Structure formats: structure tokens, C-alpha cells
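Undergrad: sequence? don't have it. structure:
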């Protein structure tokens, strides 16, 4: 297998993999936003931050 | 939902009877709109493109071409998805540009969108006609040559356009169902070809040797093939047009855009793979054999892959593909012209909906005429290249829009989707599309003549017709009254007054800066009328009275002494209005008041926060500054980027006889203090202030904020430089200057100097 073929396969997998990952990531964001309700960017960013750093339960 | 507004009641005769508003029906579900996007993408281009791409880039290059293009297209699709979820209305890029850049660019966006989609539609109609007539000839049903054959092909093209105009006239449900039916047909057929290719490769692995050499002509050829096949990924634009007709558009539009890219890229890669492995025993490398057939290479390869019925399969698939793409492009072009008519950029007849079908039948009629005209009379291939160029321009504009709207309207839009990794996707897309547009010039120089010519005609129409008639949208900033200063002098100060009570103190403080800057200084007083979202903008004048009084108060103080102008505008967001005015007026300094408390979730307030972050000039924010004289001024110094401007401000405001400016640095125990002497040695000569005006004071404390607040009590005024941290970081991590400003009981000025490069970029984005 030549270098060109190996590089080509790696680049194809990377590009298609990035497409799939970004699609799944975007789908997750859409579902997360609509689990609450569509709102302003500030609120969405805040909610994402809160989910990443949840407050300790009393 | 989206009722047709009546913005210019004086233009139309008033009637006593209430008008019945007609609106689109929401019939299109996620499958419908996804298939519309897929249909427009697959179109007919991929069948013509695979053979040519293999010829230029080789067997591996064609697969890499589709994979890379999909990634770039996905970046733009994410911009479209985010904006469509926030502005789910027919019009697509036109709407986004209207909100981000105003009327002129938005008209051009809609104008280009209309043309690009219409001409792409004519290309699909001609492709349909060519393949259908070719198939009928092969079947022996017709036997024509020369002009007769040419006329028959043109006639079939016109007939199929008429058919799809009728289908679009019938209504969006029929449009979506027909589109979904045709697209499903073509996608299933193409996936079948891809599966056959994979099965053949598994059963006969020797066919994989067709991929040697992988990139025979060099890696740089990828740019060429990416350039001319990129148009095969432009279908998400039609999905944006379905905003008025999609069910749950904030959720379904972004999903459909992203899904359509994934479906299409795997289909393309699959059929390209099948075409390469389909060739065997031809006496020369497979890629050369396919490439020699050019546009027909894909069909010939599939015929060899599936000898019994490969030829008819490709013919049927092309017919499916061209008709579904034609359907989608007519739909998209009609909605683009409808949106222009809706906002009176084109005659209002374009926005008229059929009372029963609820389709924009006049816009459809004109769009159909344009498609027929191009299909029947013009050399379609070169004009279609112009359409591709305009799609690239459009995508370029949309990527700019998403950046600008996020910057300026962060709290005003309701988003159903926000893209990950912002701003990387739009920035990468802009750069890649610029490269592809340049390469398109190498492919078709005529595209660089036809495209700009259409844009020029759009500019003329906008200047002569649309500019005067366009109605303001809910997001626009509208000038109520204005007395501008004709020509910009040496230094322009924009004084923002909110009410009569704060007008005089601000004017007094402004007076000091006017004096300091010399006789060439001019002052423009601005008042933004805040109109609540539930009140129509047409009622805004009721909220203008306090502003008129405030401007009068300020003018009494400043107008006799300096070159003076005033403006009063209304908008939904005061902060955005002031930023826009400062940029438009090319102000050097913005002076405004601050009441000292911020809304929950903001650092200093919903108006002040964006101004401090986004203004394109120096900003001074005055809090409780009602004194006539300031004898002792405190300037806290911690080495921040706005300290020099704070020092300059303090030296302007302090009493020149007997006054003192104290530069104060607080260090934490064990940490080094800032070198205030060096700071003064560098800054004082530049601001041309006497050295004797300044004193230095150091303190060491664990509690910096408390020490500063305690020290501030002994002064008449505090001048502090703002932080340069982005707002998002300030909101979640806090910022000492802003916290201090909120708690300080002494009169305070917050200073933020402009950064030349950042200001230049902010002016445009």
C-alpha cells in the first residue's frame, strides 16, 4: 500500500468522521435546547455551563 | 404566525372592512424538508461531476473531494441551521442579511438567491430533457436529429418546468410530498448502486487495485475538483426557505440541514466508490477509462458494474434527480422573491398568497417565467456556473451574518440551535469558499461576468425602487428625527442621553472634553427611544417625549459653544442602537451615563455590557458625576489595557489649579507591585499633562476590592479602566473593575479605549 493511499484513507476517514461527530453533536445540542425551550444565546450558554458544573445538592 | 403586514397604510386606500390575512400552511415535516434539501443537493450535478472529477483528481481524489466538500458545506450548513432556528421565515439568506447588515445587503442577498435558484432550476430542466429524449431515442420511440432534436429537448424542458410550476402552485404539501417521493427514489437507487459496488469489491478484491494510483495528477488537483463539485452540496439553502411552512421549524430546520449533508456525502462517496470498482478488464487504468467518457463516465461505469440493467438504472436515476432538484429550486426561488415582495423590496404582488392554495402564486409565476426563459434561450452551463458563484457569495454572506448576529443580538434572538465550536466553523467556511470562488474563475470566466452583472442590476433596482419602498422590520433601528453635522471635524464626541435628568450633568462633563480637545471638536447628542417588544414600532413616537426634552437640555448647554448635532432613533435594543450610531457617525468618543446597577445575568447592565465590549470608539461611562469640580481623583492601576486612557480622562476632569490625580496600586501580600513610576513616565508625556498633577500611592492587602472601596471614599471622583475580558467570561468569572464600579459610592467614570485593529474589524462584522 503506497503512502498516497494510506494518507488518502486517513484523510477520508477523518473528514467523514468529523462530519458524523459534528452531526451528532449538533443533534444533541438541538435536543438539549428543546428539552427546555428555545431561548436567547445567553440563557442557552448559561444552561450548558450549569449542566457542566452542576451545583452540589444540599 | 407570519401575517402579511401593511406597513404603508397611506399608500393604499383605506377600507372599513377588516382585511383577512392569508398565511402559509404548516404542512412540511422533518422528512419533507430533509428530502427537499437532499433533492436539491444531488440534483443532476453529481452524475455529470463524478466522471470529470475522476479524470482530474483520480480514483482516490474523487472520494477525497466529496469528503472535504461535505465538511466545508457542513460548516456553512451549521450557520444556516443556527440562523434558521432563530429566524424561521421564508427568505433564508435574505432575512439573515436584513437583520445583520440592513436593507441594501439583504436585497442583494434575496436578489442573488432568486437568480441562483432559478437558473439552477433551468439547468435541471434541461438535464431532464436531455436524458429523457436520449432514453426515448434509445428505445426507438423517436428518431430525430439536428434542429428538430434540439427543439424537442427545449420543448420537454419547458414542459417539465410548467409541470413543476403547477405542482408548486397546488401547495406546499404537494410540493413536499412530490419532492420527498422523487428524492427518496433517487437516493434509494444511488444507495443500491453503492451497495452493489461494495458487494462486488468484497467478492472480487482485485478490483480495489483500480484505486492505484490514488491521486495520479497530484494533490493540488483536489482544489479544482472541489471547486466545481461544491455546488452539489448547496441544498440546505432550500430548507431555510421552508421556515413559514415547516412544522416546528426551530427544531426541524436545523436538523434537516445537518441530516441532508450526512445523507448526501455518504451517497456521493458510495457511488464514486462503486463507479471506480465497477470497471474491469478495459485494457487501461480504470480512472483513465472513466475519465475519457467525461460527463458520461459515471453512467458507463455503472453500466459495467451492473451489465444487465445499469444503463436504464442511471437514466431513471438522473430523471428522478433532475426533477426533484427542479422542484426544490422552483420552491426556493419562489420563496426568495416572495420575501422580497413581503418587505416591499419588490412590488407587493410578489407577496400575494392564493386564498385557497395559500401559495405565493404571483412570485411563482415570475420565477417560472425566469426558469423557462433561461432554459429555452440561454447557454445554461455557463449561467449555471454564475449561479454557483452566487451561491458561494450567499454562503459567504451567511457566514458573516452568523458572526455579526451573535455579536450584536446575543440577547434578542430566540435560538433553537447554536453551533458548536463557534466561531471556527463560519471562519473556516469563509476562507475555504473564497478559495473555491477563485478556482471557479479558472473553470468558468463567464461566471465572473454574468454574476457581477446580475448584482449590478440588483443595485440599480434597489437604488431606484426598493430603497424608498422597503418597510422597516422589527429588528431595525429607525431614525425618528435628525439634525446631523454635515462634515466630520477633528474630533467627534457622541453624547448619549437617556432622560432630561441626566442630560445636563452629562453635557457638563462632555464640555470638559470638548475644551480639552480644542476648537475642532464637535458634539452629537443621541437619544435612543426604547420601544417595548409588545408595542409596534409604528407607536414608537409616543415614547419620544423624554428624549426630545433631554436633547433640548443638552443642546442649550453645548450648542452655543461647539459644532452641534442631534439624532433620535428607536429600536428594540438600546445598546445595539448606540453601538450602531457610534460606528455610523465615526465617533471618536462615546459619553454616556450609568445608573449603577445591572440586571440579573449582566455585569453592568443589558445596555452597558454590549457597548463596553463592542463599541468602535473610546467609551466613557459616567456614574453619579454631578459635581462641578473634581479636586481629588483616584485612578486605580493594575497594569490593565485601559489604564492610560483612564489617566488621560482623569487629567482632563481634574481641576487644573490645585487638583490632584492619585494613581493607586494595591498588591496582594508576597506579590510584586506594579511599576507605577514607569507607567507615569511613559503615559504623562503622551497625554501632555503636567507631571505635578499626579501622585503615586501603594498598598498591600489580601482584599483588593475592599481596599479600593475604602480608599475611594476620600476622593471626589474615581476613574477606572474597564476590563478587556469578553462578556461571557466576565459574567461567569467576575471582573474586578466592574465589581468595583457597581459597589463604589463615590462618583465614578469607567474608561474603555478603542483598539485600532479590533475597532476596524468590529466596524465591518
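TA: The structure has been received and is ready for your questions. Keep in mind that what you see is a predicted model, and the values were worked out from it rather than measured.

Undergrad: can you tell me which helix or strand the residue in chain A positioned nearest to chain B belongs to?
TA: Nearest residue of chain A to chain B (CB to the nearest CB) works out as residue A:15 at 3.8 Å. C-beta coordinates here come from the backbone N, C-alpha and C atoms, glycine included. Taking DSSP states H and E as the definition, one finds residue A:15 inside helix A:3-36.

Undergrad: pull the distance from that helix to the chain's centre.
TA: Taking CA atoms, centre = their mean, to the nearest Å, one finds the center of helix A:3-36 at 9 Å from the center of the full chain.

Undergrad: now stretch B:439-447
TA: Distance, stretch centre to chain centre, for stretch B:439-447: 25 Å (CA atoms, centre = their mean).

Undergrad: ditto for stretch B:668-675
TA: In terms of CA atoms, centre = their mean, the centre of stretch B:668-675 is found 46 Å from the chain centre.

Undergrad: can you give me the buried ones in that stretch?
TA: Neighbour counts using 16 or more other CB atoms under 10 Å in any protein chain shown place residue B:674 of stretch B:668-675 among the buried residues.

Undergrad: gap between the two ends of it?
TA: 14 Å (CA to CA, to the nearest Å).

Undergrad: that one - what's its average pLDDT?
TA: Mean pLDDT, computed over stretch B:668-675, is 81.

Undergrad: apart from its chain neighbours, what residue comes closest to the closest residue to chain A within the stretch 201-350 of chain B?
TA: Across the stretch 201-350 of chain B, the shortest distance to chain A (CB to the nearest CB) belongs to residue B:214, at 4.3 Å. Excluding the flanking residues, the one nearest residue B:214 by CB to CB, 6 or more residues apart in numbering or on different chains is residue B:60, at 3.4 Å.

Undergrad: give me the three-state assignment for residue B:577.
TA: Three-state call for residue B:577 (DSSP: H, G, I helix; E, B strand; the rest coil): helix.

Undergrad: tell me the buried residues in stretch B:444-460?
TA: For stretch B:444-460, the neighbour count (16+ other CB under 10 Å) marks B:444, B:447, B:448, B:450, B:451, B:454, B:455, B:458 as buried.

Undergrad: got it, and stretch B:194-208?
TA: Buried, per 16+ other CB under 10 Å, within stretch B:194-208: B:194, B:196, B:197, B:200, B:201, B:207.

Undergrad: check contacts around the fourth one.
TA: Contacts were defined as CB atoms under 8 Å, 6 or more residues apart in numbering or on different chains; by that measure residue B:200 touches B:207, B:274, B:277, B:278, B:305.

Undergrad: host element of it?
TA: Assigned by DSSP H and E, residue B:200 falls within helix B:172-203.

Undergrad: likewise for residue B:525?
TA: Using DSSP H and E, residue B:525 maps to strand B:521-530.

Undergrad: can you name the next helix or strand after that strand?
TA: Per DSSP H and E, the first helix or strand lying C-terminal to strand B:521-530 is helix B:545-558.

Undergrad: okay, helices next: where are they in the stretch 1-150 of chain B?
TA: Counting by DSSP state H, counting those that start in this stretch, the stretch 1-150 of chain B has helices at residues B:30-42, B:45-86, B:93-101, B:103-138, B:146-170.

Undergrad: which other helices and strands contact the first one?
TA: What that stands for is helix B:30-42. Helix B:30-42 sits against helix B:172-203, helix B:236-240, helix B:249-277, helix B:310-342, with contacts defined as 3 or more CB pairs under 8 Å, 6 or more residues apart in numbering or on different chains; DSSP states H and E.

Undergrad: which of those helices sits most buried?
TA: Most buried of the helices and strands packed on helix B:30-42 by mean neighbour count (mean count of other CB atoms under 10 Å in any protein chain shown) is helix B:236-240; its value is a mean of 33.

Undergrad: what are the contacting residues of it?
TA: By CB under 8 Å, 6+ apart, helix B:236-240 touches B:33-34, B:36-37, B:40-41, B:73, B:76-77, B:80-81, B:83-84, B:92-93, B:113, B:117, B:253, B:256-257, B:260-261, B:328-329, B:331-332, B:391, B:394.

Undergrad: report the buried residues of stretch B:694-712.
TA: Residues of stretch B:694-712 classed as buried by neighbour count (16+ other CB under 10 Å): B:694, B:704, B:707, B:708, B:709, B:711, B:712.

Undergrad: stretch B:152-163: how far from the chain's middle?
TA: Mean C-alpha position of stretch B:152-163 versus that of the full chain (CA atoms, centre = their mean) differs by 36 Å.

Undergrad: give the buried residues for it.
TA: Neighbour-count burial for stretch B:152-163 flags B:152, B:153, B:154, B:156, B:157, B:158, B:160, B:161 (criterion: 16+ other CB under 10 Å).

Undergrad: give me the helix or strand of chain A that scores worst on average pLDDT.
TA: Across the helices and strands of chain A, mean confidence by mean pLDDT, DSSP states H and E is lowest for helix A:41-52: a mean of 71.

Undergrad: surely the residue of the stretch 201-350 of chain B closest to chain A meets residue A:4?
TA: Yes - shown here, residue B:214 and residue A:4 form a contact pair, counting by CB atoms under 8 Å, at 4.3 Å.

Undergrad: the two: which is more packed in?
TA: residue B:214 (23 against 18; other CB atoms under 10 Å in any protein chain shown).

Undergrad: so what's residue B:192 up against?
TA: By CB under 8 Å, 6+ apart, the residues touching residue B:192 are residue B:313.
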